[in-house]
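Trainee: what shape does this take:
(chains A and B)
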Amino acid sequence: GAVVSQHPSRVICKSGTSVKIECRSLDFQATTMFWYRQFPKQSLMLMATSNEGSKATYEQGVEKDKFLINHASLTLSTLTVTSAHPEDSSFYICSARKGAGTDTQYFGPGTRLTVL
Amino acid sequence: GENVEQHPSTLSVQEGDSAVIKCTYSDSASNYFPWYKQELGKRPQLIIDIRSNVGEKKDQRIAVTLNKTAKHFSLHITETQPEDSAVYFCPSTGGGNKLTFGTGTQLKVEL
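Mentor: Reported below is the predicted structural model:
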């Protein structure tokens, strides 16, 4: 199988606080994970590519100091939204790829972030 | 980078009819073509994919066809059911195996 989990599934926080979202590949090792953001009724927007043991690669327009990504192991990547503001409220979804020679990405169930 | 155009943006069919969604790509070097289905509030799910060395692939009611000459690939859903209602994406697979999602196709299967 290829199961990807995310935690938490839903989080509500106050403006100015930081929120950490975890993405785990449960039954495979993922050398590469991806983080997406999806606003209501819009498509998924790739934020960054997370490679195990190295720095993440951010897409144009995504602030790396605001969205901190850590991929410390082959099964875990974390996204920390720092100093969150209401405009950061969104659906954050991660995906994982099984190996360098594999194209297929498997998605986590997503995390609904609401910043008050 | 790779550019993929998807049509139509919305599609409404009667239950039991077939639905076809088409994507056109620009990079002739593209070799992997996935289709994802996303229901409201849920994760995108890979429903079928095809590689450039294959012209057609079928999985029960779902099939994907690839025309490399014309640079387009299509998703075919036969005998549609209400649970097929969702947004379908054919993301482009650019450098670094990134998936770039377009606006997708909103499929509605009516009873």
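Trainee: so which bits of chain A are right by chain B?
Mentor: Chain A has residues A:32, A:34, A:36, A:42-46, A:49, A:57, A:91, A:93, A:95, A:97, A:103-110 near chain B, with proximity defined as C-beta under 8 Å from any C-beta of the partner chain. In this view, the C-beta of every residue, glycine as well, is placed from N, C-alpha and C.
Trainee: filter these down to the buried ones.
Mentor: Among these, those scoring as buried are A:32, A:34, A:36, A:43-46, A:49, A:57, A:91, A:93, A:95, A:97, A:103-108, A:110 (criterion: 16 or more other C-beta atoms under 10 Å in any protein chain shown).
Trainee: which of the three states applies to residue A:80?
Mentor: Under DSSP: H, G, I helix; E, B strand; the rest coil, residue A:80 falls in the strand class.
Trainee: partner residues bridging the closest residue to residue B:67 other than its chain neighbours?
Mentor: Spatially, and ignoring its direct neighbours in sequence, residue B:67 is nearest to residue B:73 (7.0 Å; C-beta to C-beta, 6 or more residues apart in numbering or on different chains). Assessed by DSSP bridges, residue B:73 has beta-bridge partners residue B:23, residue B:66.
Trainee: from residue B:47, how far off is residue B:57?
Mentor: To residue B:47, residue B:57 is 11 Å away according to C-beta to C-beta, to the nearest Å.
Trainee: meant to ask about residue B:35
Mentor: Using C-beta to C-beta, residue B:35 is found at 5 Å from residue B:47.
Trainee: which neighbours do those two share?
Mentor: Taking C-beta atoms under 8 Å, 6 or more residues apart in numbering or on different chains as the criterion, residue B:35 and residue B:47 both touch B:62, B:88.
Trainee: these two: who's more crowded?
Mentor: Taking other C-beta atoms under 10 Å in any protein chain shown, residue B:35 and residue B:47 do not tie; residue B:35 has more neighbours (23 against 18).
Trainee: any weak-confidence spans in the chain?
Mentor: In the absence of a named chain, this looks at chain A. Along chain A, segments meeting pLDDT under 70 span A:100-102.
Trainee: hm, I was asking about chain B
Mentor: Flagging of chain B using pLDDT under 70 yields the residue ranges B:1-2, B:94-96.
Trainee: near chain A, which residues of it are found?
Mentor: So far as C-beta under 8 Å from any C-beta goes, chain B lies against chain A at B:32, B:34, B:36, B:41-46, B:49, B:89, B:93, B:96-104.
Trainee: what about the buried ones among the residues of chain A next to chain B, which are in strands?
Mentor: Among those, DSSP state E puts A:32, A:34, A:36, A:44-46, A:49, A:57, A:91, A:93, A:95, A:97, A:105-107 in strands.
Trainee: what is the burial count for residue 74?
Mentor: Unless you meant another one, I'm taking chain A. For residue A:74, the count of nearby residues is 16 (other C-beta under 10 Å).
Trainee: the chain in question should be chain B.
Mentor: By the criterion of other C-beta under 10 Å, residue B:74 has 19 neighbours.
Trainee: next, the buried residues of stretch A:9-25.
Mentor: A:11, A:13, A:19, A:21, A:22, A:23, A:24, A:25.
Trainee: closest to chain B out of these?
Mentor: When the buried residues of stretch A:9-25 are ranked by distance to chain B (C-beta to the nearest C-beta), residue A:23 comes first, at 11.4 Å.
Trainee: so who does that closest one touch?
Mentor: Shown in contact with residue A:23 (C-beta under 8 Å, 6+ apart): A:4, A:5, A:6, A:33, A:35, A:76, A:77, A:78, A:79, A:94, A:96, A:108.
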